[in-house]
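J.: predicted coordinates and the sequence they were generated for:
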Amino acid sequence: MMMHMPRVALEIKSVGLYDLILQDVQKIMGKERVKEIEVLNVISEHPEILEDYKQINVEYNLSNIHIRDIDAEHLKNEDLLLAQKINQNLAQLRELEKYTLDFEQSSTLVIIFSIEFIVLFSVQYFIILLNLKEWQWELYSLFATSIAFAWWYAKSVGQKYERNNETFQSLYTETEAMIEQLDATGAISKADLVIADCDEHV
């Protein structure tokens, strides 16, 4: 896993952004004051806690990949090529992270529903307030058309989320294995790549 779990536990315990998750942890523990090690234990026993943490990060454009790019200047041959590939993968993973959020909970779907509400309100406005009852069926047809378009667009974007999420999961596994490979040969130290603090929380 390319997440630094001590950082996860510390952020859940001390950063206001994760207050709702902390409340869930406190409820599970049955007490108000929890230690970071206790948060880690809860995460290991309740994976949904970690999923909530990851979801919040994606929503706020914070990365769940706590690994920095490899400084490949000292590497040669196959190690250099592998490090460059890892760095490319990490950049792609960060781009694809937004698609790991459930589409049903994404801002895109919220925007689609908001637009449909505005269209419906506009239809009612034209019919009632502007006294255009003779045009009501045309206006309702327009609204029905907008619903059909919104359904098509939502389905299309949902499929995009699904495809990109599959790509993300595959690339994540591949990148993790490559990092472990370089770490095992001593070409790099995975521990040195860990981003233990998030600047956005400082």
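T.: That came through fine.
J.: I'd like the mean pLDDT over the lengthiest helix in the chain, please.
T.: The residue-count maximum for a helix in the chain (DSSP state H) belongs to helix 136-185. Mean pLDDT, helix 136-185: 84.
J.: mind giving me the packing neighbours of that helix?
T.: Packing partners of helix 136-185 (3 or more Cβ pairs under 8 Å, 6 or more residues apart in numbering; DSSP states H and E): helix 77-96, helix 107-124, helix 190-193. Every residue, glycine included, has its C-beta placed from N, CA and C.
J.: pull the CA atoms of the first one into CSV?
T.: Once side chains and other backbone atoms are set aside, the C-alpha atoms of helix 77-96 remain, and they are given as CSV (Å, rounded to 0.1, in the frame of the first residue of the first chain):
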residue,chain,number,x,y,z
ASN,A,77,20.6,0.9,-16.6
GLU,A,78,17.5,-1.2,-15.6
ASP,A,79,17.2,0.5,-12.2
LEU,A,80,17.0,3.9,-14.0
LEU,A,81,14.4,2.8,-16.5
LEU,A,82,12.3,1.2,-13.7
ALA,A,83,12.5,4.4,-11.6
GLN,A,84,11.5,6.5,-14.6
LYS,A,85,8.5,4.2,-15.2
ILE,A,86,7.5,4.4,-11.5
ASN,A,87,7.6,8.2,-11.7
GLN,A,88,5.4,8.2,-14.8
ASN,A,89,3.0,5.8,-13.1
LEU,A,90,2.8,8.0,-10.0
ALA,A,91,2.0,11.0,-12.1
GLN,A,92,-0.8,9.1,-13.9
LEU,A,93,-2.1,7.7,-10.7
ARG,A,94,-2.5,11.2,-9.2
GLU,A,95,-4.4,12.3,-12.3
LEU,A,96,-6.7,9.2,-12.1
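J.: could you check the angle helix 136-185 makes with it?
T.: Inter-element angle recorded for helix 77-96 and helix 136-185: 150 degrees (by axes from the mean of the first three to the mean of the last three Cα atoms, to 10 degrees).
J.: what lies in contact with helix 77-96?
T.: 63, 65, 67, 69-70, 72, 75, 164-165, 167-168, 171-172, 174-175, 178-179, 181-182, 185, 187-188 (Cβ atoms under 8 Å, 6 or more residues apart in numbering).
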